[in-house]
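Colleague: got a sequence here, can you build the structure:
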Amino acid sequence: MTDRTILAIDYGTKRIGLAKSDPMAVIASALKTLEVRSISEAVTMVAQAIAEYDPKTVVVGYPLLASGDKSKKCEEIDQFIAMLSTHYHGPIVRVDEADSSREATSILRAHGQRVRKDKKRVDRLAAVIILQRYLEELPEN
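Modeller: Got it, this is the predicted structure:
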């Protein structure tokens, strides 16, 4: 069996949600939320996660506008990806993350969980949603 593990990133200025697929690249699971103070720290911490989980592909949530154009946040994420690519030489894929945080919040509230005090959970779940969307679009799945 070929390991096809994929790591997903829900990038944020303060928090970064991480999710990982199974080795067959079928199911997404939440990993953790990184708390960061700068883009450099974000790159360092994500590079450590990449070294730990050894993904074959990295997927990064990319907040496109409804028109399909790049948002201002996309420029920051492009910078993050450029910096990360000096540490990780595998494919880094941008995936439209439209409404992933809102969907994560709705799921948590539907399960009776308070979101206000635990935004880290929202970020982890948003990463799962981004990754699961990507997995469902893969031709082999």
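Colleague: helices along this structure, start to end?
Modeller: Applying DSSP state H to the chain gives helices spanning 39-53, 72-84, 100-110, 119-137.
Colleague: buried set for the longest one?
Modeller: In this case it means helix 119-137. Going by neighbour count (16 or more other CB atoms under 10 Å), the buried part of helix 119-137 is 119-135. The C-beta positions use only the backbone N, C-alpha and C, and glycine is treated the same way.
Colleague: can you check the first one too?
Modeller: By neighbour count, with 16+ other CB under 10 Å as the criterion, the buried positions of helix 39-53 are 39, 42-43, 45-46, 49-50.
Colleague: also the third one?
Modeller: For helix 100-110, the buried set under the neighbour-count rule, 16+ other CB under 10 Å, comprises 100-101, 103-105, 107-108.
Colleague: please state the offset of that helix from the chain centre?
Modeller: Centroid separation for helix 100-110 versus its chain: 15 Å, with CA atoms, centre = their mean, to the nearest Å.
Colleague: please save the CA atoms from that helix in PDB.
Modeller: This file holds the C-alpha atoms of helix 100-110, laid out as PDB (Å, rounded to 0.1, in the frame of the first residue of the first chain):
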ATOM      1  CA  SER A 100     -15.300  26.300   6.200                       C
ATOM      2  CA  SER A 101     -15.100  28.200   9.500                       C
ATOM      3  CA  ARG A 102     -18.800  29.000   9.400                       C
ATOM      4  CA  GLU A 103     -19.600  25.300   8.600                       C
ATOM      5  CA  ALA A 104     -17.300  24.300  11.500                       C
ATOM      6  CA  THR A 105     -19.100  26.600  13.900                       C
ATOM      7  CA  SER A 106     -22.500  25.300  12.800                       C
ATOM      8  CA  ILE A 107     -21.400  21.700  13.400                       C
ATOM      9  CA  LEU A 108     -20.100  22.500  16.800                       C
ATOM     10  CA  ARG A 109     -23.200  24.300  17.800                       C
ATOM     11  CA  ALA A 110     -25.400  21.500  16.500                       C
END
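Colleague: how about Ile27, nearest residue that isn't a chain neighbour?
Modeller: Ser21 (6.5 Å; CB to CB, 6 or more residues apart in numbering).
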